[in-house]
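Colleague: Fold the following, please.
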Amino acid sequence: MTTSVLGKPKFCEGQMVEFIGGEGIIKNYRFELNSWLYLVEMPIETDPEMDRVGYETMIWLAEVDIFPLCNSFSHTVLSLEQNNFARAC
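Modeller: Reported below is the predicted structural model:
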């Protein structure tokens, strides 16, 4: 018999978040495969940062792929880490 500990979600419904490719609002979340997944609704813009296929405005993202919109320091650190990783590859 194995026991798994369900950690508290980092984000909540209605919270503004940022991710690579844009920003949005948490609409829902669920626990799956030992991590939290969040349904993020993106606002419809006339010129989105990244192209979209059709009219999709919601996406499921893992907790590690999003961060609070108000915390620009963590976004800067994440961007630097991703740039360094890309250069190493």
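Colleague: Please, where are all the strands along this protein?
Modeller: 16-19, 22-32, 35-41, 58-62, 66-68 (DSSP state E).
Colleague: of those strands, which approaches residue 10 most closely?
Modeller: Closest to residue 10 of the strands of the chain is strand 35-41 (CB to CB; 6.9 Å). In this view, the C-beta of every residue, glycine as well, is placed from N, C-alpha and C.
Colleague: Quick one: mean pLDDT over that closest one.
Modeller: Averaging the model's pLDDT scores along strand 35-41 yields 94.
Colleague: That strand: which residues count as buried?
Modeller: If you call a residue buried by 16 or more other CB atoms under 10 Å, then strand 35-41 has these buried ones: 36-40.
Colleague: angle of it against strand 58-62?
Modeller: Computed by axes from the mean of the first three to the mean of the last three CA atoms, to 10 degrees, the angle separating strand 35-41 from strand 58-62 equals 160 degrees.
Colleague: quick one: residue 64 and residue 35 touch, right?
Modeller: Yes. Contact criterion CB atoms under 8 Å: residue 64 and residue 35 qualify, at 7.4 Å.
Colleague: what's near enough to touch the residue nearest to residue 57 when sequence neighbours are not counted?
Modeller: The shortest distance from residue 57 to any non-neighbouring residue, by CB to CB, 6 or more residues apart in numbering, is to residue 42 (5.1 Å). For residue 42, the contact set (CB atoms under 8 Å, 6 or more residues apart in numbering) comprises 22-24, 48, 57-59.
Colleague: picking that back up, switch the strands of the chain over to JSON lines; also include distance to residue 9.
Modeller: JSON lines is the format used below for the strands of the chain (distance: least, CB to CB, whole Å):
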{"stretch": "strand 16-19", "distance to residue 9": "12"}
{"stretch": "strand 22-32", "distance to residue 9": "6"}
{"stretch": "strand 35-41", "distance to residue 9": "5"}
{"stretch": "strand 58-62", "distance to residue 9": "12"}
{"stretch": "strand 66-68", "distance to residue 9": "11"}
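Colleague: closest to residue 6 out of these?
Modeller: Proximity to residue 6 (CB to CB) singles out strand 22-32 among the strands of the chain, at 6.1 Å.
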